[in-house]
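Q: Provided below are the primary sequence and the corresponding predicted coordinates.
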Amino acid sequence: MKKIITLLLILSLGYSYSQNISWNRVDLYVPGDEAGAYLEAMDEFYSNIEMPEGVSVSLVYYFYKPEEQKATHAIIFAGPVDGLIELRQIRSGEDYEAFYDDLDVLDAKVVANTAGQSLIRVNTDAERGDWSQSWQWQVDDQTIFATAFAELMGSFKSVKTYVALGAITQGVSSDGESHYVYSNQGSFADNLKGGPQNQSEIEAFEKFGKTVAPVSTFLGTTTEITVKTWN
């Protein structure tokens, strides 16, 4: 029933939408002097395999993050479930073992490993840039939160970039995050200019905040830069 309500909300808002995607995020601590070697090792493997349809692998760098967050980078696997399963099978054998051996000599460490899926996706056809931002919440009532988010997006007519509401379904984040809003803002300038653009959008944002406050806890925000994407 919750999925039906969410779908009807999206249709009534007239937004472009498509099948929701699943993802696996591996947060990493990579010493600054080893970032280039880590990218080189990933590129050597992922540039030489046939990626399953609809699946992408991205290496991102955290530009803004909470001071206590240890992760400097993240690897994000995203796409349909069948494609992610197929990629998992490809990530085996001698070539993958050689790739893993290249990483093993580095001092990079896995900080967290989570998985989840998008719930609502807005402007799915928008051109993607290298900069993105994520707002994190611990949500107690997903239906109220999703309904408020859909209404907010209906009021933000100035938003032309890709935006998604999603949930963590596996793994444990370091701060108790259960849901997030992800926005691809394209460039650093777009990142700085984000937010409400007029009085109507300010009021809509305030209403969203008041609606979700009783059923969620806002945990903070991060900004990341895509180093490279393989797809």
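A: Ah, there it is.
Q: Any regions of the chain where pLDDT drops low?
A: Across the chain, the ranges flagged by pLDDT under 70 are 1-19, 173-174.
Q: Quick one: the helices in the chain, in order.
A: Counting by DSSP state H, one finds helices in the chain at the ranges 2-13, 35-46, 81-90, 93-104, 142-155, 188-192, 199-212.
Q: okay, those helices in TSV with mean neighbour count and distance to residue 64 next?
A: Where C-beta positions appear, they are placed from N, C-alpha and C, glycine not excepted. Conversion of the helices of the chain to TSV gives the following (neighbours: other Cβ atoms under 10 Å; distance: least, Cβ to Cβ, whole Å):
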stretch	mean neighbour count	distance to residue 64
helix 2-13	13	29
helix 35-46	17	17
helix 81-90	15	28
helix 93-104	12	26
helix 142-155	19	22
helix 188-192	14	9
helix 199-212	14	20
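Q: Reformat those as TSV; add distance to residue 162.
A: Compiled in TSV, these are given as follows (distance: least, Cβ to Cβ, whole Å):
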stretch	distance to residue 162
helix 2-13	14
helix 35-46	22
helix 81-90	19
helix 93-104	30
helix 142-155	12
helix 188-192	12
helix 199-212	18
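Q: For residue 25, find the nearest of the ones you listed.
A: When these are compared by Cβ to Cβ, helix 81-90 sits nearest residue 25, at 12.2 Å.
Q: Show me what the closest one is packed up against.
A: strand 22-29, strand 73-79 (3 or more Cβ pairs under 8 Å, 6 or more residues apart in numbering; DSSP states H and E).
Q: Show the contacting residues for the residue nearest in space to the middle of the chain.
A: Nearest to the geometric centre of the chain sits residue 182, at 5.5 Å (Cα atoms, centre = their mean). Applying Cβ atoms under 8 Å, 6 or more residues apart in numbering, one finds that residue 182 lies in contact with 132-134, 163-166.
Q: try it again with 10 Å
A: Residue 182 sits next to 23, 118, 121, 132-136, 162-166, 224 when contact means Cβ atoms under 10 Å, 6 or more residues apart in numbering.
Q: any chance of the residues you listed in TSV, plus distance to residue 207?
A: Converted to TSV, the contacts of residue 182 look like this (distance: Cβ to Cβ, whole Å):
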residue	distance to residue 207
23	29
118	23
121	22
132	25
133	21
134	22
135	16
136	20
162	23
163	17
164	20
165	16
166	22
224	28
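Q: now, which of the residues you listed lie within strands?
A: Among the contacts of residue 182, DSSP state E puts 23, 118, 121, 132-136, 163-166, 224 in strands.
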